[in-house]
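Participant: predicted model and sequence below, questions to follow.
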Amino acid sequence: MPDAPAPKPASGPRRAMERLGLLRPIDLALHLPLRYEDETRLTPLRQARHGETIQFEGVVVSNHIETRRRRQLLVSLRDDAGDSVQLRFLNFYPSQQKQMAEGARLRVRGELRSGLFGREMVHPQVKPVDADTPLASALTPVYPAGAGLPQVYLRKAIAAALPRAPLDELLPAALLPRTLPPLRQALEFLHHPAPNVSLATLEDHSHPAWQRLKFEELLAQQLSQLQSKALRAQHRAPVLRGTALVERLLAALPFELTGAQRRVGEEIAADLASEHPTHRLLQGDVGSGKTVVAALAACVCIDAGWQCALMAPTELLAEQHLRKLVGWLEPLGVRVAWITGSVKGKKREALLAQAASGEAQLVVGTHAVIEDKVQFAQLGLAIVDEQHRFGVAQRLALRRKLAERGLEPHLLMMSATPIPRTLAMSYYADLEVSTLDELPPGRSPIVTKVFALAKRDEVIERIAHEIGQGKQSYWVCPLIEESEESDLQAATATHAELAELLGDDRVGLLHGRMKAEEKAAVMARFSSGELPLLVATTVIEVGVDVPNASLMVIEHAERFGLAQLHQLRGRVGRGSAASVCVLLYNGPLSESGRERLKAMAETTDGFEIARRDLAIRGPGEFMGHRQSGADLLRFADLEDDAPLLVAARALAPKLLAQHPAAAQAHVQRWLGGRAELMKA
Ligand code: ADP
Ligand code: MG
């Protein structure tokens with residue numbers, strides 16, 4: 001039997017198109033122009049301004065190659081009104097010169113400039129025409145294209161694909177905002193806009209055709225989030241109710257809850273009493289007191305006879321929680337197990353056994369450990385600290401913990417990075433959100449100062465002074481791009497330097513490579529006040545809580561992200577003493593570096609910081625890729641298109657209720673397999 005012919009490998013422009021993901025007609029239909037060229041009309045030279053790109057027609061009056069300075073082809077052209085312009089070509093073929101022979105009529109498109117010898121165009125596009133050659137009937141699209149993909153080829157491919165692309169209207173017209181055209185019409189328009197349209201509205205994407213497209217994808221996102229929420233409502237969770245332990249905790253706490261803590265506590269208690277798994281995001285600025293809210297939730301769960309897991313991103317943070325939670329809960333008789341990567345051997349097995357038997361009522365550890373290693377007898381509630389959004393894989397892993405009983409635990413995610421409103425409305429549409437919008441009383445505001453690195457010595461003197469006053473400080477070492485190794489070197493060097501200046505027994509060192517026990521020992525000495533100064537890498541970024549620390553120095557602050565700076569700064573200002581955060585930078589600053597430091601100096605409000613961070617970085621980076629699905633928004637911009645987002649958000653539940661099949665088809669069209677990414 002003869003071999004079947006090997007499929008011919010796509011070559012040239014076809015390959016280039018495939019590389020851009022332009023495979024199916026729909027891909028081509030959704031590949032939209034970056035801008036347009038107006039070849040629909042001719043502009044008399046007399047009316048054109050310098051610097052303007054125009055199209056005109058004229059007859060060649062002279063054509064010669066000039067060789068005196070640099071070899072170039074000079075062609076003089078006169079338009080029908082008698083005005084002339086010179087075309088200049090530095091590279092040209094003989095055939096081009098022939099094409100532009102005296103007496104030829106040319107249609108020319110280019111930028112009009114004023115040159116040494118009057119008005120000129122350098123390397124314009126030129127086409128020989130007759131007096132009656134028709135003009136383009138639509139604006140000419142210019143598409144994003146990689147190397148090896150000529151515009152003409154792409155234009156033809158798109159024009160051919162457009163009628164074949166499945167673009168039937170899925171959404172009932174009556175439910176759509178009235179200003180939006182049907183999808184097919186919108187796309188046909190964007191690829192071939194009519195001559196008289198305002199280019200500005202096309203290029204800034206405010207034209208109704210663009211709006212329709214953005215609305216489509218925002219709607220798909222809303223629908224898929226609602227679907228995942230609806231799916232969750234079909235799953236079952238243990239009903240957790242209990243007040244006795246909560247009351248005992250409240251009586252034992254050395255402070256009164258803030259109004260916000262009380263309100264959020266009640267919202268969470270209502271979740272836990274539901275027979276369906278609830279996923280809630282608790283956001284509150286650094287220091288707003290999320291840990292005690294977590295403790296209250298844990299109490300409800302444990303009181304109801306179920307286990308609670310508390311997960312933190314790092315061991316250091318896990319240890320901090322343990323200390324605090326154990327301090328609060330153990331005296332009430334709650335049995336706590338701490339399981340992290342560094343607990344090994346027999347001890348680890350014993351702890352795992354306690355979790356598996358249900359003997360441990362509260363299990364504290366890092367995400368990784370709890371997801372992978374720990375089996376629970378009956379997990380009722382998982383609390384995830386300092387995570388915007390628990391990843392899909394992680395949520396699925398949790399679900400599996402109780403799978404055999406057909407139950408799913410409730411989930412509470414806590415984040416110190418407040419989520420700007422538009423992000424909350426789009427990416428968190430499937431979550432309940434609570435906000436701690438009130439700080440515990442008695443906090444004094446943090447003053448932030450930005451200095452050039454040249455002031456480093458003065459800052460060290462200031463620390464010596466603080467130490468004399470019995471105050472404590474942090475020194476955060478520069479972030480070093482290359483590796484964790486270099487971060488470590490920077491920290492050890494700074495530690496050695498400061499220890500020599502200020503006294504060996506006064507300066508502690510904390511970094512990511514230390515063993516958990518070593519870290520814990522240093523933290524304990526700092527917490528007790530024995531060590532006045534702690535030199536640290538960003539391991540202290542989240543959750544570290546030493547109220548007596550009132551000064552923080554961040555060296556090379558320009559290297560840190562805005563959210564990270566805000567988190568770090570949140571380590572001070574936790575007690576009643578006035579606190580200072582010093583940002584030392586090494587210039588010259590980049591544009592965004594300057595903006596970050598400026599934001600830090602201007603505000604301590606986490607919401608404002610998050611808003612500016614979003615503006616500086618955009619949603620994809622802000623949320624961390626993949627996990628967020630932020631990169632799935634191709635056309636819409638959350639800030640600019642907030643009104644469309646609001647409209648999509650209003651339409652989604654109606655569509656799901658009244659036209660479920662259309663809703664499903666819409667999600668499929670826009671998200672296809674990727675819908676899974678946004679769920680769970
Ligand atoms: P975060 O929200 O950053 O996790 P924490 O839970 O670590 O904040 O709380 C910060 C500090 O405020 C801790 O020392 C905590 O004990 C204290 N705290 C929490 N709630 C209150 C309150 N209602 N009154 C006084 N202090 C509080
Ligand atoms: Mg915290």
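Facilitator: Sure, I can see it. Numbers count the residues shown, from 1 in each chain. Ligands and ions are numbered 1, 2, ... in the order given.
Participant: pull the residues that contact the strand ranked longest in the chain.
Facilitator: Of all the segments of type strand in the chain, defined by DSSP state E, the longest one is strand 53-66. Strand 53-66 is contacted by residues 37-39, 41-45, 48, 71-80, 84-85, 97, 100-112, 129 when judged by CB atoms under 8 Å, 6 or more residues apart in numbering. Quick note: C-beta positions are derived from backbone N, CA and C, even for glycine.
Participant: which parts of the stretch 451-600 of the chain sit against ligand 1?
Facilitator: 545, 547, 574 (CB under 6 Å from any ligand atom).
Participant: that older thread, in strands, which of the contacts of strand 53-66 fall?
Facilitator: Those of the contacts of strand 53-66 lying in strands (DSSP E): 37, 72-79, 84-85, 105-111.
Participant: of those residues, buried ones?
Facilitator: 37, 72-73, 75-77, 79, 85, 105-110 (16 or more other CB atoms under 10 Å).
Participant: export those residues as JSON lines, with columns for pLDDT.
Facilitator: Putting these into JSON lines (pLDDT from 0 to 100) gives the following:
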{"residue": "37", "pLDDT": "87"}
{"residue": "72", "pLDDT": "90"}
{"residue": "73", "pLDDT": "92"}
{"residue": "75", "pLDDT": "95"}
{"residue": "76", "pLDDT": "95"}
{"residue": "77", "pLDDT": "95"}
{"residue": "79", "pLDDT": "94"}
{"residue": "85", "pLDDT": "95"}
{"residue": "105", "pLDDT": "96"}
{"residue": "106", "pLDDT": "95"}
{"residue": "107", "pLDDT": "95"}
{"residue": "108", "pLDDT": "95"}
{"residue": "109", "pLDDT": "93"}
{"residue": "110", "pLDDT": "92"}
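Participant: tell me which of those residues is nearest to ligand 1?
Facilitator: residue 37 (54.5 Å; CB to the nearest ligand atom).
Participant: please name the nearest non-neighbouring residue to that closest one.
Facilitator: Nearest residue to residue 37, sequence neighbours excluded (CB to CB, 6 or more residues apart in numbering): residue 140, at 4.4 Å.
Participant: residues near that neighbour, how many?
Facilitator: 17 (other CB atoms under 10 Å).
Participant: for it, give me its contacts.
Facilitator: 36, 37, 38, 39, 155.
Participant: so how far is ligand 1 from residue 472?
Facilitator: 14 Å (CB to the nearest ligand atom, to the nearest Å).
Participant: over to residue 408?
Facilitator: From residue 408 to ligand 1 the distance is 26 Å (CB to the nearest ligand atom).
Participant: state the pLDDT value of whatever residue of the stretch 301-450 of the chain ends up closest to ligand 1.
Facilitator: At 3.4 Å from ligand 1, residue 440 is the closest residue in the stretch 301-450 of the chain, using CB to the nearest ligand atom. Among the per-residue scores, residue 440 shows a pLDDT of 89.
Participant: close enough to count as contact, it and residue 290?
Facilitator: No. Between residue 440 and residue 290 there is no contact under CB atoms under 8 Å: 11.1 Å.
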